[in-house]
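Peer 1: coords please:
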Amino acid sequence: MYDELPVINTARLTLRIAGPEDAAQCVQFQRENAAFLAPWEPEITPNALDVAAVAKLRELAVADALAGTRFAFALYPSDPQAETPIVGFLDLTNVIRGVFQACYMGYKLDRRMEGYGYMSEAARAAIGYAFNTLRLHRIMANYMPHNQRSAALLRRLGFTIEGVARDYLYIAGGWRDHVMTSLTNPEPMAPGTASSTT
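Peer 2: Below you'll find the predicted structure:
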């Protein structure tokens with residue numbers, strides 16, 4: 001079954017769907033980065049730090065990837081001497097087909113890995129997968145206005161600002177506005193053709 005899951009290799013990373021056997025590493029990432037990520041993502045639940053509960057979530061992630069509806073990539077460093085076994089996560093979620101052919105992209109990085117271009121490297125690879133393999137037409141990504149690192153990353157990747165969603169998500173104790181951005185496939189194709197479906 002795992003042979004059917006996507007694996008993307010870059011110069012310094014391997015992007016693959018973390019399965020239930022990776023639950024302990026996922027929990028380690030969350031525990032070590034909880035305070036760092038708190039201003040940017042919804043409050044974590046106790047289950048996020050429970051290996052058995054996370055294993056069940058990773059089973060769902062595998063099933064979603066096989067179904068072609070969500071691709072929850074973990075970012076593994078190519079260097080076996082890396083300080084952490086998982087350096088981040090990048091998700092392509094809510095994959096919608098038909099006349100939309102689109103998904104959302106979300107991401108988070110280990111606090112120790114910021115500033116080295118890892119997320120840019122991972123995102124470019126994931127975008128290539130979304131456009132060239134999944135044959136999606138549109139990728140959407142949102143960020144809070146004060147998240148300048150995320151804003152800069154999306155600019156470098158070519159995303160275009162489309163507006164502001166007011167009170168979009170409940171994060172860090174309040175409803176937060178988000179800047180909405182998107183990137184469209186430079187080689188668009190009409191939906192319904194053989195290569196536009198998974």
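Peer 1: show me what contacts H137?
Peer 2: F100, Q101, A102, T184, N185, P188, M189, P191 (CB atoms under 8 Å, 6 or more residues apart in numbering). Backbone N, C-alpha and C define where each C-beta goes, glycine included.
Peer 1: of those residues, buried ones?
Peer 2: The neighbour count (16 or more other CB atoms under 10 Å) marks Q101, A102, N185 as buried among the contacts of H137.
Peer 1: nearest to Y168, of these?
Peer 2: A102 (17.5 Å; CB to CB).
Peer 1: what is I96 paired to in the beta sheet?
Peer 2: A102 (DSSP bridges).
Peer 1: For the protein, which segments count as helices?
Peer 2: 23-37, 51-67, 118-128, 148-157 (DSSP state H).
Peer 1: Report all helices and strands that the longest one contacts.
Peer 2: With contacts taken as 3 or more CB pairs under 8 Å, 6 or more residues apart in numbering; DSSP states H and E, helix 51-67 sits against strand 13-17, helix 23-37, strand 71-77.
Peer 1: Reformat these as CSV; add mean neighbour count, distance to L60 and mean pLDDT.
Peer 2: As requested, those are exported to CSV (neighbours: other CB atoms under 10 Å; distance: least, CB to CB, whole Å; pLDDT from 0 to 100):
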stretch, mean neighbour count, distance to L60, mean pLDDT
strand 13-17, 21, 11, 96
helix 23-37, 17, 12, 93
strand 71-77, 24, 9, 96
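Peer 1: tell me the contacts of the residue nearest to I171 when sequence neighbours are not counted?
Peer 2: Spatial nearest neighbour of I171, excluding adjacent residues (CB to CB, 6 or more residues apart in numbering): P42 at 5.7 Å. Shown in contact with P42 (CB under 8 Å, 6+ apart): L169, Y170, I171.
Peer 1: Settle this for me: the first one is touching M180, isn't it.
Peer 2: Read it as L169. No. Judged on CB atoms under 8 Å, L169 makes no contact with M180 at a distance of 11.9 Å.
Peer 1: Next step: the contacts of P42 restricted to strands.
Peer 2: L169, Y170, I171 (DSSP state E).
Peer 1: Just the buried ones from these?
Peer 2: Looks like the ones in strands among the contacts of P42 have I171 buried, using 16+ other CB under 10 Å.
Peer 1: Let me have the ones in strands among the contacts of P42 in CSV, extended by distance to R58 and pLDDT.
Peer 2: Conversion of these to CSV gives the following (distance: CB to CB, whole Å; pLDDT from 0 to 100):
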residue, distance to R58, pLDDT
L169, 23, 95
Y170, 25, 95
I171, 23, 94
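Peer 1: Name the nearest of the ones in strands among the contacts of P42 relative to R149.
Peer 2: For these, the nearest to R149 is I171 (15.6 Å; CB to CB).
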